[in-house]
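K.L.:
okay, here's the prediction I keep looking at, along with the sequence it came from:
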Amino acid sequence: MFGLKDDWAEEERPRHFFLEDYEGAIARWCPGCGDHAVLSAVQRLCRDEQLPPEKTVVVSGIGCSSRFPHYMKTYGFHGLHGRALPVACGIRSRRPDVHMFVATGDGDNCSIGTAHWVHAVRYNMRMVVMLFDNNIYGLTKNQTSPTTHRGFNSMTHPHGAWLSPLNPLSVTLGITNASFVAQTVDWNPIHLYATIREGFHHPGLAFIRILQRCPHFTASVFEPIQRDPSLVLLLEHGDGIPANDTVRRIYKNRQEHDPSDRNSAQAIADRGDCFPIGLLYRNRNAERYDEISARGLGMTGAQKVAAVNRMLDRFLV
Amino acid sequence: MFGLKDDWAEEERPRHFFLEDYEGAIARWCPGCGDHAVLSAVQRLCRDEQLPPEKTVVVSGIGCSSRFPHYMKTYGFHGLHGRALPVACGIRSRRPDVHMFVATGDGDNCSIGTAHWVHAVRYNMRMVVMLFDNNIYGLTKNQTSPTTHRGFNSMTHPHGAWLSPLNPLSVTLGITNASFVAQTVDWNPIHLYATIREGFHHPGLAFIRILQRCPHFTASVFEPIQRDPSLVLLLEHGDGIPANDTVRRIYKNRQEHDPSDRNSAQAIADRGDCFPIGLLYRNRNAERYDEISARGLGMTGAQKVAAVNRMLDRFLV
Amino acid sequence: MEALWTEAEETPAGTEADAPHVQRLMQHVVEIVSDSGEGAQTAGQMFGTLSAKMGNGVWTVEIIPAEIEPPARSRAGASGIRIRLGHGDVSNAGDTADVVVGFNEQVLYSRIDQGAFRPGTLIFLDNKWASDPQAEIQEAYATALADFRQRGYVVREIPIDAECLKHVSDARKGKNMWVVGFLCALYSRDLELPKKEIARRFGKKGAKIVESNYRLLESGFGWAQTNLDYHFDVPPQPETHEKVVMNGNQAIAMGCMAAGMEVCAMYPITPATSASHFLAGTMQEIGGFLHQAEDEIAAIGFAIGASYAGKTAVTITSGPGFALKTEFLGLAVMAEIPLVVVVVQRGGPSTGLPTKVEQGDLLASMFASPGDAPKIILAPATIEECFHFMVTARKLAETFRGPVIVLSDANLATGVQPFPKPEVTESWMAPPIDQSPWDTTTKPYDWDPQTGLSARPIPGQRGGNYVLTGLAHDEDSKVAYESATNQRTMAARSRKLAALQRTLKPARVVGDPEGDLLAVTWGSTLGAIDEAVMRLRREGEKVSYVHLRFLSPLEPGLKEIFQRFRKVMTVEINYGDDPQDPTLRCDAPRFAQLAWMLRAQTLCDLTSWSRVPGGPLQPGQIEEALRQQLTALKG
Amino acid sequence: MEALWTEAEETPAGTEADAPHVQRLMQHVVEIVSDSGEGAQTAGQMFGTLSAKMGNGVWTVEIIPAEIEPPARSRAGASGIRIRLGHGDVSNAGDTADVVVGFNEQVLYSRIDQGAFRPGTLIFLDNKWASDPQAEIQEAYATALADFRQRGYVVREIPIDAECLKHVSDARKGKNMWVVGFLCALYSRDLELPKKEIARRFGKKGAKIVESNYRLLESGFGWAQTNLDYHFDVPPQPETHEKVVMNGNQAIAMGCMAAGMEVCAMYPITPATSASHFLAGTMQEIGGFLHQAEDEIAAIGFAIGASYAGKTAVTITSGPGFALKTEFLGLAVMAEIPLVVVVVQRGGPSTGLPTKVEQGDLLASMFASPGDAPKIILAPATIEECFHFMVTARKLAETFRGPVIVLSDANLATGVQPFPKPEVTESWMAPPIDQSPWDTTTKPYDWDPQTGLSARPIPGQRGGNYVLTGLAHDEDSKVAYESATNQRTMAARSRKLAALQRTLKPARVVGDPEGDLLAVTWGSTLGAIDEAVMRLRREGEKVSYVHLRFLSPLEPGLKEIFQRFRKVMTVEINYGDDPQDPTLRCDAPRFAQLAWMLRAQTLCDLTSWSRVPGGPLQPGQIEEALRQQLTALKG
Ligand SMILES: Cc1ncc(C[n+]2csc(CCOP(=O)(O)OP(=O)(O)O)c2C)c(N)n1
Ligand SMILES: Cc1ncc(C[n+]2csc(CCOP(=O)(O)OP(=O)(O)O)c2C)c(N)n1
Ligand code: SF4
Ligand code: SF4
Ligand SMILES: [Mg+2]
Ligand SMILES: [Mg+2]
């Protein structure tokens, strides 16, 4: 597109990408860790969408889940704890052409990264944000996160966490200009894939909370949900996350929910008796900051020189 | 209470506090600035509640509104931009005995302080948090804040702000464990006072958004609301902010709203057609972190020495 | 080496005394001081601009009150401007004021607190307060007047308000133009240029406004012609070059655009904000945009994101904001992400003196990020350099693949000075994002063993795919835990500074290459040190100076230079313990910031004259400090 | 001065060779290396504890893998422990290992990468892999074995797995106890103490578990007795003092409580977190609590709030977290808020090597906050000092009214060492919050002109009301803009360091007070430098060392000390350019961190031997580096 060498390039032969084109280093998560499932879902999505690996960027913070980029064979940015979103927004600001996935954890996003979470959701720049919520700080070995359940014994609250967990869905739904809020579970590959796929096609920031098993530290939290699918509430709607029969057979506890209804989405998010999965809210027409930030891309050097000279003239003595 | 000198003190004569006991340095806000009104409301409240000035602490960040502590004759903490809440929480953690007010701005709280806003609301430690929302960065002279209206010309968006404003009420109502969310206007002293008073008596963190006039930079935003009281929606309820006849005469646009109903509070907050004032939400029984953090206060030095020795014994070779 | 400041002994050629009452001057310092909102700054800028147009050297600097709308007639509320005019170039705001126009007497006190006046300063003071309806005001006025005279100021009462009221109903809106007319007469200029300026500035507002301003201008001019028994003249030198005039923050903003940077991510903070204000209004003209982030951390993160994606970005801040950026700055060093960070220094520590100048962030720039984080640090010395260093900074950032810090300060930020109009060329501009295929035999960190340099793949480049990380990593950007890799990669990043140093010219001595005393400076003090040193040299003193623009790496050859002087000292606007202080009694005094660095680097026994007055150092103060050292050397 | 390390020339008294196959030793380094989850660390701690109980000097340090659950038999996945035993006190983890017990051959490679072994290291390796059902594993085992022998290691295959399977069904859960038994036999000890330990540790889990562990222990012991043709003995010295044994992070946590601090506010970060883990479990016992904040900024803000309100608090972090705290740190300096900040240093820059040691945050601690922010910096050198320095730190913070930084590191954090049980007294404890009326004639910043000290009012104190601010302020805490106040108040804050320095004892030289070479060190390298210097001195070399515990202010008298040596060098675990490197060619090399400070302060031409191996410096490596310097001095 840009640059010189393109001119010398041979006729480009059609490229076809296979799963292995997205497979980076061998994933070093614990056996049974939910992160593995999300990784394969994203790799499959990339393959199914035939995303050129060099046009795909995966951004993350720090945490077990934030190792994600290392296991993809695309461009990756494994940055600072809590700061995936500002970096992702910066990339997106001038790169409408790349595909972008963000991997963040419940500590990364909901604790140290809270400010960026709120504001990136408001900016609504196109990207898929996957919140790997294992209710714990995994990488640093078992400290309470904002989503840890009250009474759970972690290393920083060995006598039990003091407060009820922060609900990332409620918070996100409270943010003005939020445009896509969904929840899924790592252990249902079909629903997981369908949710990420829907987020990928969303024109804006798709916020997906993934209930993610951490057998190492929070097995006691996720095993019951996995064992008893009636704890899950499957949200259904023609404009929601498509759920096929396999999914519907497992999740008998279902509710029709119109994702354009924010207030009822808030009510669903606040329900303490079940884990809703599916699309809580979507607004395809929300304002998008990346449409503003990308204005003027592609101005030539000569045009810029002329513009700078015009501006300097305003300062002439 | 503690210390030596108390023993020598003369019989304590009953103290009575007057307004001037709360009046610090002369307020240096612009003429007509809404901050003046809030200052006198707080000073009146202190007087009416007869709070000992030395038992009262006002904490703030940086901004025009954050100069607040300097104009009180109590203890004050004028700290860092965006960081009033962590400091206030730290004070409260071991001082159940002091009265605490926090002054913060829309930049201070909703931009750089976002993470602390979300988490302090969740901690729900007893304090009155007053968000002085003038829709602008005042102190640094006219930059867009998260609550600035779309299209408003500031120094950082001279061609008009790009995004619709963040709604602080919606965000706060989305935070798990939020326990008191109210809105008022600086230019109705009765409603302002009643709201702060209600917050002061709330057992937890009372979050009050004050629509605050900044004649210097955002006169065009607040003058219309002030001129046309029908733009304001007065929320009424037996358990809400008491509004007397004077207030009711001005605000004819009224709605009965039960502050225990969070979902309808969210619907009201999200209404784009009016400015609701009154109590949106209250839960007197929300979990309070300051009840946990203050445990064990008053243990004596000897008891501590014994405890440390017991612990050391566990390490004996 | 050539000095900046040339103060001839005699009256400039061709200007022999023609009228007895005209005093010809090489330079003069004028201040206009008023309440906030009275337009003193507009007046001063106009007077400065037209002086520059005539060919005078000019330096103007605004006097900004601490509050947004300070009450009228308050001591802390002074709002105004200082204009220094010169026969030749003017490189700094000068010493104490020669002439002051005061709109009321109270505001002058904050200038007195700043040491802006001296015995002999000529004060023109509006006399309206002498007859104010409020007795306290009359009294305050009388008291102050007596006090001023007591302090040795020459006070002349003039009827600014009364004269204006002859032409406009609200004198507060007119006094400033009257004063421009007054100053034109005082400085022996005619009204042709000022009228053009008025037409240019107010033309859009309609003929009536222009007319009314003309009348005020003429009124002030006429009153001065009639009533003053002396005039000054600072003869201009006709200009050959086209010049532009702007303040340091505007120059930084213009420089960003001339460097072709399309993204500036910032969070407002005084005194850096005005640079972003300017960019906010103009950056779309070069197809770029300004991002106001939610905080400083997000601002640098956003800039890093844009840089990683191929658009080297800039973030602009001041001390407290810089503190928040240091974690990300460490990432930029570790993962080698090009990035320009401008720090417009203000008074510290903590919130400190937000609107005032200090050079207090040098060591923080060097060392703030934990671990070893080598980075390039530049400090522009003039408004012109504020512009050009941005172009250099982007290039350095990309060539050396890492962050470049540009240390400006509140003195440069608000100082206004004409300089030759830059000849912008396309080679200054960042090239378009390279999207050609990456040579897959080249690793993402293919460090050159001599220089530590390496090329970086940009997302979109086929075959360049790598995962950037802040963890210790090898050439492939793979996480690496072994001892040897850690030692080797640290060395690779560090040697980039050595490689850059090898390309730098040796530091330049201004004055003789050897002598009694050498002053070493950096940043915005250049003009003042130059003037101070030149004055002393004219007296025959063996004093020279070195002014550093590269602080990291340091310019080469310093030790050799220092050894040729009996005494070397830095002159800085920051705090260092006074080792002479008898109450200090400590064998580890705390040094001024550049002194710290130079002592460690050269092992020469540098001392400092460093002060934190919350304002620029005046050449006269520096002269005095140097003179004391010289005396001590002799004694 | 007395040295820490005493290595007698001959065999210790009363231990004359009784059986020909017992080799008596002054010290020995043992490692147990396994996959994660195989219990090597428990085994090592048990062996260390019982050695300490017998009266041996002991230092243990854990070997932690980078991943949470690394795959089995992976090269990067080594999990384990090193135990160094001594006849006398042991002050560091020693050089290369003397004896290694390996559960598989692959994990040993990460130790090899770290330089943990040497030719001659005796490796006992589980032979189960030789007959593994998978051919690749058999082959990998054979290849590694050959490689090890090629490298000069003495490998002895032993049937750990096979022997364990005689007693338990899952050998992975039993091998570690078998190894304890094995080591007891190897080091000529009986099973009385280990059995007691087993009963103590596993008693709660029931008699069956205890029984099964006894059997494994006996099996290992018996196997070794039968099959080994040699044994070692590191004779203990019976203890007179009561001792406690813990790691540095536990010592810091215990120290916080012994100092009476009731609030620790933190955000988790390796390798600091374990200190807070300990506090989280115990702080309620002294009536305090641990606050896990939303981020590091909130953590220090919370601590500052508590301190302002009368309860001096502590915040514990590591590099990246420290970077985020620097803005608040500046406020604590400016507004003079007592505060203890512990930085457990890890490998940098940026995320770096999160679990590995470095001494890379000294200059960041000194200079990270913009503007002039003088603060006190201490560095404990031993586990014992980790405990006691916390008590000192709180007192310093309150007396000098500002932040005190305590620089520990990952080496101390995970190192375990016995030390005399501290005699905690009430005078160590923070007194209750003072709520007596404030003397209203005392201003809130009533700086003593000699020392800069002042007393502070606490909310609740009647008459003490003031508004704390980070703006420049005067004695009344009123915002102040004048030059003179700014200069004066900066000096007041700075001179607190001079005042503290006047109370410090001069730095102590260990070895002769003059000679050829002086090494200067700080922090966790003390044990290693002491051992290295003592070895050289025993060879007659004129080498001494100075170990600094106060880094800001520096301990007095350094310049005078340095001048009495021909060469002075620092030894540090951080990066400095190698000035010998011919490709560097630069006259401003970048120094190791303490070297930088000492050069500036003393103007002595210090060099350094500084390395970033991601692990502690070994005494042998230091010895070698010093020897090279000595040779150069002679040559
Ligand atoms: C500034 C900073 N603070 C703290 C850390 C330490 N840290 C790394 S990951 C992490 C939490 C990880 O938890 P989460 O985000 O939930 O991810 P998970 O490991 O559970 O996937 C922390 C506290 C850090 N790297 N940087
Ligand atoms: C870390 C840091 N960043 C930026 C600033 C500059 N700053 C001071 S106040 C302010 C914004 C004030 O706006 P707001 O909070 O809305 O308060 P207002 O002045 O409108 O009352 C900013 C950006 C600062 N002091 N510190
Ligand atoms: S600790 Fe938990 S989150 Fe981390 S890799 Fe293991 S299972 Fe996954
Ligand atoms: S600028 Fe606005 S907010 Fe600030 S003092 Fe003036 S009116 Fe009030
Ligand atoms: Mg997690
Ligand atoms: Mg505001």
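P.N.:
Yep, that arrived. Ligands and ions are numbered 1, 2, ... in the order given.

K.L.:
next, count neighbours for the closest residue to ligand 5 within the stretch 151-300 of chain A.
P.N.:
Relative to ligand 5, the nearest point of the stretch 151-300 of chain A is A:Cys214 (6.9 Å; CB to the ion). Any C-beta I mention is one placed from the backbone N, CA and C, and that applies to glycine too. Residues contacting A:Cys214 under the criterion other CB atoms under 10 Å in any protein chain shown number 28.

K.L.:
assign it to helix, strand or coil.
P.N.:
Recorded secondary structure, A:Cys214: coil (DSSP: H, G, I helix; E, B strand; the rest coil).

K.L.:
now it: how far from A:Phe132?
P.N.:
Distance of A:Cys214 to A:Phe132, given as CB to CB, to the nearest Å: 9 Å.

K.L.:
what do you get for C:Asp448?
P.N.:
39 Å.

K.L.:
so between the two, which is more surrounded?
P.N.:
More neighbours surround A:Phe132 than the other of C:Asp448 and A:Phe132, with 28 against 13 (other CB under 10 Å).

K.L.:
from A:Asp186, how far out is that one?
P.N.:
8 Å.

K.L.:
tell me, what's touching A:Cys214 and A:Phe132 both at once?
P.N.:
Common neighbours of A:Cys214 and A:Phe132 (criterion: CB atoms under 8 Å, 6 or more residues apart in numbering or on different chains): A:34, A:64.

K.L.:
which residues do A:Phe132 and A:Asp186 both contact?
P.N.:
In contact with both A:Phe132 and A:Asp186: A:34-35, A:38, A:210, A:212, using CB under 8 Å, 6+ apart.

K.L.:
taking those residues, tell me the two that lie furthest apart.
P.N.:
Taking CB to CB, the two most distant members of the shared contacts of A:Phe132 and A:Asp186 are A:Asp35 and A:Ile210; they sit 9.3 Å apart.

K.L.:
would you check how far apart the most centrally placed residue in chain A and A:Ser40 are?
P.N.:
Centroid-nearest residue in chain A: A:Val129, 1.7 Å away (criterion: CA atoms, centre = their mean). A:Val129 is 19 Å from A:Ser40, where distance means CB to CB.

K.L.:
by neighbour count, which of the shared contacts of A:Phe132 and A:Asp186 wins?
P.N.:
Going by other CB under 10 Å, A:Gln212 tops those with 29 neighbours.

K.L.:
without its sequence neighbours, what residue ends up closest to that one?
P.N.:
A:Gly34 (3.8 Å; CB to CB, 6 or more residues apart in numbering or on different chains).

K.L.:
quick one: residues contacting that neighbour.
P.N.:
So, once contact is read as CB under 8 Å, 6+ apart, A:Gly34 ends up touching A:132, A:134, A:186-187, A:210-214, A:222.

K.L.:
nearest to ligand 4, of those residues?
P.N.:
Comparing the contacts of A:Gly34 against ligand 4 with CB to the nearest ligand atom places A:Phe132 closest, at 41.7 Å.

K.L.:
so who does the closest one touch?
P.N.:
A:34-35, A:38, A:63-65, A:103-106, A:210, A:212.

K.L.:
distance of C:His21 relative to A:Pro203?
P.N.:
Taking CB to CB, one finds C:His21 at 75 Å from A:Pro203.
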